[in-house]
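Participant: My questions are about this predicted structure, shown below with the sequence.
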Amino acid sequence: MPTVVNRSLAEKLENAEIDCLISRLAGIKEIKGNPMGVEFQKFESATAFTVKNIPGPAFNTVKGLKKGNEREVERIINFYRKKKIPARFELSPSGTSPDLFANLSKKGFYHHDFHTVLFRSLSSNIQIIKTSISPGITIRELKRHEFGLFADIYTNGFQMPSFLKQSVAENNEVLYDNKDWTFYLAIIENEPAGIGVLFMKNGIATLAAAATLPEFRNRGVQSALISHRINQAYIHGCYLITGQAKFGSVSQNNMEREGLKVAVAYTKSIWIKRDDVA
């Protein structure tokens with residue numbers, strides 16, 4: 001029987017997302033001297049995340065804000081203002097209200113974008129996926145000495161500047177010994193082609209990150225990495241797997257082909273301040 005999304009399940013998926021980011025950033029923060037400038041703080045149900053030296057919205061965002069937290073919005077804005085980082089709110093439909101929307105709007109924020117949250121139930125009678133991995137693609141766990149390779153694939157896959165490779169490698173290697181994290185390498189004809197990351201906690205697995213080298217795109221690498229991570233989550237006793245993607249993106253399509261469905265999950269609204277728009 002398919003799992004039906006209700007408020008309780010939506011909150012579990014959102015909490016899994018928050019747990020994943022807390023775990024990642026706590027690891028990065030433990031690097032001597034906290035060179036990335038990681039800080040996160042609770043504001044009732046909301047968690048505000050900041051990483052001063054990793055610009056962009058991925059790590060500088062607010063998750064878990066809900067109706068009833070309206071009085072916390074000004075404190076959260078001040079938290080980001082002091083750090084000279086734009087505030088960004090990710091709102092799940094399970095916890096919003098007209099009053100919360102009105103409060104954000106009054107503070108100068110507006111609905112800027114959508115982000116899709118997908119999931120798949122991993123029931124006890126699920127069949128392990130074997131057909132989704134294209135011939136010629138192999139998936140194995142990344143080895144500790146390969147985080148330089150991981151960073152090369154990640155930065156090239158996302159067209160990031162090459163000077164960021166070292167920090168990407170260090171910020172992920174710190175999670176290598178954490179039992180909740182597993183890193184995977186996709187190989188085509190003995191050539192590294194893509195990477196994928198899996199986070200597992202409290203029976204919920206998260207497709208945490210993935211990238212493919214441009215020259216290996218459209219060959220099934222991401223589908224293979226998703227399929228492999230679904231299998232591993234099932235083997236390790238998880239009952240749900242979840243992932244996120246920009247609405248209507250190739251990443252969302254890849255997840256849906258592997259059984260993760262937006263139709264039974266939800267779409268988050270992203271709110272930013274008008275003054276922060278270029």
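Facilitator: Arrived safely.

Participant: Low-confidence ranges, this structure, go.
Facilitator: Applying pLDDT under 70 to the chain flags residues 1-4, 124-133, 247-249, 251-252, 255-266, 276-278.

Participant: Tell me which stretches of it form strands.
Facilitator: 38-43, 46-51, 61-63, 88-91, 109-121, 137-141, 181-188, 191-201, 204-212, 240-246, 261-273 (DSSP state E).

Participant: Based on its surroundings, how many neighbours for the closest residue to Leu164 other than its chain neighbours?
Facilitator: Counting by CB to CB, 6 or more residues apart in numbering, Leu164 lies nearest to Thr155, which is 5.7 Å off, once chain neighbours are set aside. No exception for glycine: its C-beta is placed from N, CA and C like everyone else's. If you count neighbours by other CB atoms under 10 Å, Thr155 ends up with 19.

Participant: do Tyr239 as well
Facilitator: Tyr239 has 16 neighbours, counted by other CB under 10 Å.

Participant: surely it meets Gly203?
Facilitator: Yes: using CB atoms under 8 Å as the test, Tyr239 is close enough to Gly203 to be in contact (4.9 Å).

Participant: ok so, going back, let me know the distance separating the residue nearest to Leu164 from Ala224.
Facilitator: Taking CB to CB, to the nearest Å as the measure, Thr155 falls 21 Å from Ala224.

Participant: now swap in Gln244 and tell me
Facilitator: Gln244 is 19 Å from Ala224, by CB to CB.

Participant: picking that back up, for the residue nearest to Leu164, give its distance to Phe163.
Facilitator: 9 Å.

Participant: thinking again about what came up before, columns mean neighbour count on top of the strands of the chain, output as a markdown table?
Facilitator: Formatted as a markdown table, the strands of the chain follow (neighbours: other CB atoms under 10 Å):
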| stretch | mean neighbour count |
| --- | --- |
| strand 38-43 | 16 |
| strand 46-51 | 22 |
| strand 61-63 | 23 |
| strand 88-91 | 23 |
| strand 109-121 | 19 |
| strand 137-141 | 15 |
| strand 181-188 | 21 |
| strand 191-201 | 22 |
| strand 204-212 | 25 |
| strand 240-246 | 22 |
| strand 261-273 | 17 |
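
Participant: quick check: domain ranges of this protein?
Facilitator: As assigned by automatic domain parsing, the chain contains the domains 7-117+267-276, 124-238.

Participant: Relative to Asn254, which of those domains is closest?
Facilitator: Asn254 sits nearest to domain 124-238 of all those, at 4.8 Å, using CB to CB.

Participant: And that closest one, how far out from the chain middle?
Facilitator: Taking CA atoms, centre = their mean, to the nearest Å, the mean C-alpha location of domain 124-238 is offset from the chain mean by 13 Å.

Participant: Gly37: neighbour count?
Facilitator: Gly37, neighbours per other CB under 10 Å, totals 15.

Participant: Only the buried residues of the helix ranked longest in the chain, if you could.
Facilitator: Longest helix in the chain, counting residues (DSSP state H): helix 7-29. By 16 or more other CB atoms under 10 Å, the buried positions in helix 7-29 come out as 9-21, 23-25, 27-29.

Participant: likewise stretch 161-168?
Facilitator: Within stretch 161-168, the residues that count as buried by 16+ other CB under 10 Å are Lys165, Ser167, Val168.

Participant: OK, contacts around the spatially most central residue of the chain?
Facilitator: By CA atoms, centre = their mean, the chain has its centre lying nearest to Ala208, at 4.6 Å. Each residue near Ala208 by CB atoms under 8 Å, 6 or more residues apart in numbering is listed here: Cys20, Arg24, Trp181, Val197, Leu198, Phe199.

Participant: All set, thanks.
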